[in-house]
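1. Pasted the sequence and its predicted model underneath.
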Amino acid sequence: MENAVFTAASGQTQFLELFIAQVQNQDPLEPTKQQEFLAQLAQFATVEGLEKLNAGQSQFNTQFSELLELQLLNSGSGLLGKTVTYGEAGQTGTATELQKDNGQVLIRVGDALVPVSDITAVAPAEPSSA
């Protein structure tokens, strides 16, 4: 048996082929009622509408993820040069660099790369003692 891949386009084609075959092979003495055809077309239109909605939702999710990433970059850039507290132990240090890694925004604090979401407090930079 061949591995068939179902796609929206192939499903639409299969539905139309079956619909045409049904019309061509119906009993001429007892034709299918118009309401049955309309119900089938309405079901097909509903499925097609759901497929379009899913495609639109996917595009929205992508755009939302990109917007969230930009927001995190913006938030992270505001932390540069400030003293931040992060982690369960409450480590602190000055945020010196902003990086992006696999969709995650990281702040360099000393030798550590800390996700922006792990920062629990922000304070003005500590004055350097010279």
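-> Perfect, I can see it now.

2. Can you name the element that comes right after the longest helix belonging to the chain?
-> Secondary structure assigned by DSSP state H gives helix 34-77 as the longest helix of the chain. Using DSSP states H and E, the helix or strand that follows helix 34-77 in sequence is strand 83-86.

3. lowest-confidence helix or strand of the protein?
-> Considering only helices and strands, the least confidently modelled element of the chain by mean pLDDT, DSSP states H and E is helix 8-24, at a mean of 75.

4. Pull out the buried residues from that helix.
-> Buried positions in helix 8-24, judged by neighbour count with 16 or more other CB atoms under 10 Å: Phe15. To be clear about C-beta, it is placed using only N, CA and C from the backbone, and glycine gets the same treatment.

5. Low-confidence regions, the chain specifically.
-> For the chain, residues meeting the criterion pLDDT under 70 lie at 1-9, 32, 126-130.

6. Any idea which residue is closest to the centre of it?
-> When CA atoms, centre = their mean is applied to the chain, the residue found nearest the centroid is Asn61 (3.1 Å).

7. how far away is that one from Ala112?
-> Separation of Asn61 from Ala112 (CB to CB, to the nearest Å): 31 Å.

8. That's all I had, so thanks and see you.
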